[in-house]
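# Sequence first, predicted model second:
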Amino acid sequence: MSEPLLFIPGMMCDARLFQAQIEHFCLERNVMVACTTRGERIEEIASAILLESPQKFALAGLSMGGIIAMEILRRAPERVTRICLMDTNPLAETPQSAAAYEPMLVGIKSGRMMEVLRGFLKAEYLAQGAGLREVQARLQEMAEAIGPEVFVKQLKALQRRRDQQAALRKCRVPALVMCGAQDGLTPPKRHEFMAELIPYAKLEIIEEAGHVPPLETPDRVNQLLSDWLKQPYVLRA
């Protein structure tokens, strides 16, 4: 039996982010989507996910989900059989960038959640094309269902996240680093840097995608994930 596949969604997203991937892979393996709505630190969210996960699993995370995936890899590398990091960032916030979260937190608490979200994930960070409005509508639908209290928790978690470069350098399992070429939030150059940190990582840039390839180019993402899941385990010192 193939190893279970655990997806971790990005900020203010849920299982609907990976609907196309769930449908594609569910017949061949156990597919799960982690809950990211608990805790005000990345470490707390990762701990809760590990408590509810199989002993070993393939791990794929997007954006904040990728940041959580790196924390899981850092604290429980023996449980991760392979890792896919999509449109994410291994670096901690600087004092200046962390301070920029404060007005967003104030905005959410004053009832302007969707305005803050649109400012954080701008339209130009997504693939520009006929499907843009549908992707935006899906993101809004998920955010509204999750609500402002979780948004505050997730922003605080991102604000205080640790640097994960050391964890990536120690990675010894098949690794896929994936990014949309049109992603202006976590751009391709950041992913080139990540792929260089991870021994034997494969880098894939999707020209037609922005920050959320699983929604923007689901078939291409499914193919890349299929290839990644077929890679033999890397067992090197």
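Alright, I've got the coordinates.
# Now the longest helix seen in the chain: average pLDDT?
Across the chain, the longest stretch assigned as helix under DSSP state H is helix 132-146. Mean pLDDT, helix 132-146: 96.
# same deal with stretch 149-167?
Regarding stretch 149-167, the rounded mean pLDDT is 96.
# Counting neighbours, which bits of that stretch end up buried?
Of all the residues in stretch 149-167, those buried under the rule 16 or more other C-beta atoms under 10 Å are 150-159, 161-162, 164, 167. Every residue, glycine included, has its C-beta placed from N, CA and C.
# Serialize these to JSON lines and add fields for secondary structure and distance to residue 56.
Putting the buried residues of stretch 149-167 into JSON lines (DSSP: H, G, I helix; E, B strand; the rest coil; distance: C-beta to C-beta, whole Å) gives the following:
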{"residue": "150", "secondary structure": "helix", "distance to residue 56": "29"}
{"residue": "151", "secondary structure": "helix", "distance to residue 56": "32"}
{"residue": "152", "secondary structure": "helix", "distance to residue 56": "33"}
{"residue": "153", "secondary structure": "helix", "distance to residue 56": "28"}
{"residue": "154", "secondary structure": "helix", "distance to residue 56": "27"}
{"residue": "155", "secondary structure": "helix", "distance to residue 56": "32"}
{"residue": "156", "secondary structure": "helix", "distance to residue 56": "31"}
{"residue": "157", "secondary structure": "helix", "distance to residue 56": "25"}
{"residue": "158", "secondary structure": "helix", "distance to residue 56": "28"}
{"residue": "159", "secondary structure": "helix", "distance to residue 56": "31"}
{"residue": "161", "secondary structure": "coil", "distance to residue 56": "25"}
{"residue": "162", "secondary structure": "coil", "distance to residue 56": "24"}
{"residue": "164", "secondary structure": "coil", "distance to residue 56": "21"}
{"residue": "167", "secondary structure": "helix", "distance to residue 56": "18"}
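# any chance you could read off phi and psi for the spatially most central residue of the chain?
The chain has residue 62 as the residue nearest its centroid, 1.7 Å off, counting by C-alpha atoms, centre = their mean. Main-chain dihedrals, residue 62, degrees, to the nearest 10: phi -120, psi 130.
# what pLDDT does it get?
Looking at residue 62, its pLDDT is 98.
# can you check the one 10 residues further on too?
For residue 72, the pLDDT comes out at 98.
# for the nearest residue to residue 219 once chain neighbours are set aside, what are its contacts?
Closest residue to residue 219 in three dimensions, ignoring its sequence neighbours and counting by C-beta to C-beta, 6 or more residues apart in numbering: residue 20, at 7.7 Å. For residue 20, the contact set (C-beta atoms under 8 Å, 6 or more residues apart in numbering) comprises 214-215, 218-219, 221-222.
# ok, so of those, who is nearest residue 205?
residue 221 (12.5 Å; C-beta to C-beta).
# how about that closest one, what does it touch?
Residue 221 makes contacts with 20-21, 86, 178, 206, 213-214, as judged by C-beta under 8 Å, 6+ apart.
# Which of the residues you listed fall in helices?
20-21, 213-214.
# export the buried residues of stretch 149-167 to TSV and tack on distance to residue 47?
Output for those, formatted as TSV (distance: C-beta to C-beta, whole Å):
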residue	distance to residue 47
150	17
151	21
152	20
153	14
154	16
155	19
156	16
157	12
158	17
159	18
161	14
162	14
164	16
167	15
